[in-house]
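**Q** prediction below, plus the sequence it came from.
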Amino acid sequence: MTRWLAKVLSRRSLALLLLLNVAASIAHYTDNVLFFSTYPEPAWLDPVRVDLAWFAVTPFAAAGYLFYRRGQTRLALGVLAAYAGMGLLVLGHYRYADFCSIALRIHAFILLEAAAAACLLGWILLRFGNRRFAPFGDEA
């Protein structure tokens, strides 16, 4: 394995990706709750459910990281993949409104969170695809 790949797949890079994902979700969910009426949403959704969703989803990031630190790599990658998948659900906003009718600010929050989730999913796929990679790899 190259040194570059070892650094990309290190525990430190996972921690940074998770921090990016949590920060992006905080920004998006906060904006969604504060400006709920401007977001395209299904009729059954309200600001309280949006808020509760964040508190239901975010522990997956922490749990996945803890499993990874403990060497439970397969479990960690499964939990982290679920978290990344839930992060990509923000793209569901586009089912409820025409792309051009959504404010630029909302696009930015949606796409930031989706991009962060996609990067995490990419990390997971690289990590899972490299069977020779030790659980903690090159931590430099």
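**A** Yep, it's here. Just so it is clear, the structure is predicted and the values come from calculations on it, not from any experiment.
**Q** how many other residues sit next to residue 70?
**A** Around residue 70 there are 11 other residues, counting by other Cβ atoms under 10 Å. From N, CA and C alone the C-beta is placed, and that goes for glycine too.
**Q** likewise residue 87?
**A** Counted with other Cβ under 10 Å, residue 87 comes out at 26.
**Q** the one 3 residues further on too?
**A** Neighbour count of residue 90, defined by other Cβ under 10 Å: 21.
**Q** which residues touch it?
**A** Contacts for residue 90 (Cβ atoms under 8 Å, 6 or more residues apart in numbering) come out as 28, 110, 113-114, 117.
**Q** tell me which element the most centrally placed residue in the chain falls in.
**A** Against the mean C-alpha coordinate of the chain, by Cα atoms, centre = their mean, the closest residue is residue 117 at 3.5 Å. Applying DSSP states H and E as the criterion places residue 117 in helix 104-129.
**Q** okay, the helix or strand hosting residue 64 in CSV with CA atoms only?
**A** Using DSSP H and E, residue 64 sits within helix 59-69. Listed next in CSV are the C-alpha coordinates belonging to helix 59-69 (Å, rounded to 0.1, in the frame of the first residue of the first chain):
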residue,chain,number,x,y,z
PRO,A,59,-25.0,9.0,17.2
PHE,A,60,-24.2,6.7,14.3
ALA,A,61,-21.1,8.8,13.5
ALA,A,62,-19.8,8.6,17.1
ALA,A,63,-20.6,4.9,17.4
GLY,A,64,-18.9,4.1,14.1
TYR,A,65,-15.8,5.9,15.1
LEU,A,66,-15.7,4.2,18.5
PHE,A,67,-16.1,0.8,16.9
TYR,A,68,-13.3,1.6,14.5
ARG,A,69,-11.0,2.7,17.3
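**Q** no further queries at this time; thank you.
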